[in-house]
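Trainee: Predicted model and sequence below, questions to follow.
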Amino acid sequence: MAQAIRIHKTGGPEVMQMEQMDLPDPGQGQVRIRQTAVGLNYIDTYHRSGLYPLPLPSGIGLEAVGVIEAVGSDVQYVKEGQRVCYGTGPIGAYATERVMPEATLLPLPDTIEDIQAAGMMLRGMTVQYLLRRAFKVEPGMTVLFHAAAGGVGLIACQWLKHLGVTTIGTVGSEAKGELAKAHGCTHVINYNTEDFLDRVKEITDGQGVPVVYDGVGASVFDKSLDCLQSRGMMITFGNASGSVPPVAPGLLTAKGSLFLHRPTLMHYTATRPELEETANDLFNIVASGAVKIDVNQTYALKDVITAHTDLESRKTTGSTVLLP
């Protein structure tokens with residue numbers, strides 16, 4: 001019998017509980033997966049807290065790796081016995097086994113280990129669309145990336161360096177700053193001891209940056225707009241410090257005809273070709289060695305409450321993986 005973490009109400013980490021689940025046989029276009037590693041992502045805390053509402057009761061989690069143990073009819077992208085991974089859901093990844101549609105599953109290359117994949121699919125594909133499509137960075141650019149020592153940030157710093165881009169990264173401690181530097185971040189700003197707006201202006205000789213990548217949200221949003229060049233783009237893709245309040249369009253005009261983008265990975269991987277292109281780009285850059293995936297924390301699936309508590313307390317760096 002499968003086990004899964006479920007929520008019956010929203011709130012703090014304590015609302016999650018382990019439950020026994022009877023799985024049906026896979027139907028048309030479905031497979032049953034025995035999961036070996038599950039990714040923990042900040043978006044999971046938004047689902048758990050109710051910031052991003054889900055119909056309740058619900059599973060939780062969007063990313064995992066496993067082996068296909070049974071297939072239903074008309075399955076075309078994967079096969080029984082194959083190692084697969086996913087990073088775009090559907091919701092319910094915190095489980096030992098599950099039945100799910102094959103449409104979001106990707107065959108996992110032999111060069112990538114299970115734990116590594118569980119720590120990189122959602123984050124790595126997020127970095128891919130942020131850097132290559134939401135705003136396509138070019139060699140010689142200087143960009144601002146908030147939370148540079150987080151799971152997304154460490155992948156982004158390496159990828160940006162590989163692309164010939166100068167990265168200004170914000171962090172919350174000296175230790176996290178050293179970690180970001182070790183992963184290719186050119187300039188590190190500790191936003192607890194320095195004014196990041198002043199430092200960005202200093203580093204860029206008053207010019208600002210063409211793009212800000214922000215997964216932090218409310219606490220950095222206003223100053224981030226002032227870090228932008230005229231016609232620059234603010235990309236806010238996360239809410240670690242809370243949701244950004246409503247923005248008057250006229251404010252973007254006043255600050256330099258700025259662009260504001262609030263993207264999500266699911267919209268950038270909505271079709272099978274887009275999903276495969278995004279994942280293959282990630283697989284290739286990891287296989288090349290230009291981007292290394294740091295899984296700095298692992299927890300047993302049953303200890304998911306502790307894992308969420310540590311994540312929200314900013315005690316974690318890099319990627320975190322739950323082991324069923």
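Mentor: Noted; the coordinates are in hand.

Trainee: Got the domain ranges for this structure?
Mentor: 2-120+294-323, 123-265 (automatic domain parsing).

Trainee: So for Ala279, which of these sits nearest?
Mentor: Closest approach to Ala279 among those is made by domain 2-120+294-323 (5.0 Å; Cβ to Cβ). In this view, the C-beta of every residue, glycine as well, is placed from N, C-alpha and C.

Trainee: nearest to Ile285, of the domains of the chain?
Mentor: Ile285 sits nearest to domain 123-265 of all those, at 6.5 Å, using Cβ to Cβ.

Trainee: so how far is that closest one from its chain's centroid?
Mentor: Here domain 123-265 is found 15 Å from its chain centre; the criterion is Cα atoms, centre = their mean, to the nearest Å.

Trainee: could you redo the domains of the chain as a markdown table and give each row mean pLDDT, distance to Glu274 and mean neighbour count?
Mentor: As requested, the domains of the chain are exported to a markdown table (pLDDT from 0 to 100; distance: least, Cβ to Cβ, whole Å; neighbours: other Cβ atoms under 10 Å):
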| stretch | mean pLDDT | distance to Glu274 | mean neighbour count |
| --- | --- | --- | --- |
| domain 2-120+294-323 | 95 | 10 | 19 |
| domain 123-265 | 94 | 9 | 19 |
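
Trainee: Save those domains as a markdown table, and put in distance to Glu277 too.
Mentor: As requested, the domains of the chain are exported to a markdown table (distance: least, Cβ to Cβ, whole Å):
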| stretch | distance to Glu277 |
| --- | --- |
| domain 2-120+294-323 | 11 |
| domain 123-265 | 9 |
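
Trainee: So Ser49 sits against Gly11, correct?
Mentor: Yes. Ser49 lies in contact with Gly11 (Cβ atoms under 8 Å); the separation is 6.7 Å.

Trainee: Going along the chain, name the strands of the stretch 51-200 of the chain.
Mentor: Assigned by DSSP state E, counting those that start in this stretch, the strands in the stretch 51-200 of the chain fall at 58-59, 64-71, 83-86, 97-101, 106-107, 142-145, 166-171, 187-190.

Trainee: The fourth one pairs with which strands, parallel or anti?
Mentor: Here strand 97-101 is paired, per DSSP bridges, with strand 30-40 (antiparallel).

Trainee: for the first one, same thing?
Mentor: Looking at strand 58-59 with DSSP bridges, its paired strands and their directions are strand 2-7 (antiparallel).

Trainee: neighbouring contacts of the partner strand?
Mentor: The contact list for strand 2-7, computed with Cβ atoms under 8 Å, 6 or more residues apart in numbering, reads 15-23, 47-48, 54, 56-61, 92, 94-98, 301, 304, 324.

Trainee: Helices - which of those land there?
Mentor: Members of the contacts of strand 2-7 lying in helices (criterion: DSSP state H): His47, Arg48, Val304.

Trainee: Report the buried residues of the longest helix seen in the chain.
Mentor: When the chain is parsed with DSSP H, its longest helix is helix 272-288. Neighbour-count burial for helix 272-288, counted by 16 or more other Cβ atoms under 10 Å, picks out Leu275, Glu277, Thr278, Ala279, Asp281, Leu282, Phe283, Ile285, Val286.

Trainee: Quick one: end-to-end distance for stretch 72-92.
Mentor: 19 Å (Cα to Cα, to the nearest Å).

Trainee: Likewise for stretch 232-245?
Mentor: Calculated as Cα to Cα, the first-to-last residue distance of stretch 232-245 is 20 Å.

Trainee: Output the buried residues of helix 272-288 as TSV; include the columns distance to Asn190 and pLDDT.
Mentor: As requested, the buried residues of helix 272-288 are exported to TSV (distance: Cβ to Cβ, whole Å; pLDDT from 0 to 100):
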residue	distance to Asn190	pLDDT
Leu275	37	97
Glu277	36	96
Thr278	32	97
Ala279	34	97
Asp281	32	97
Leu282	29	97
Phe283	34	97
Ile285	28	96
Val286	29	96
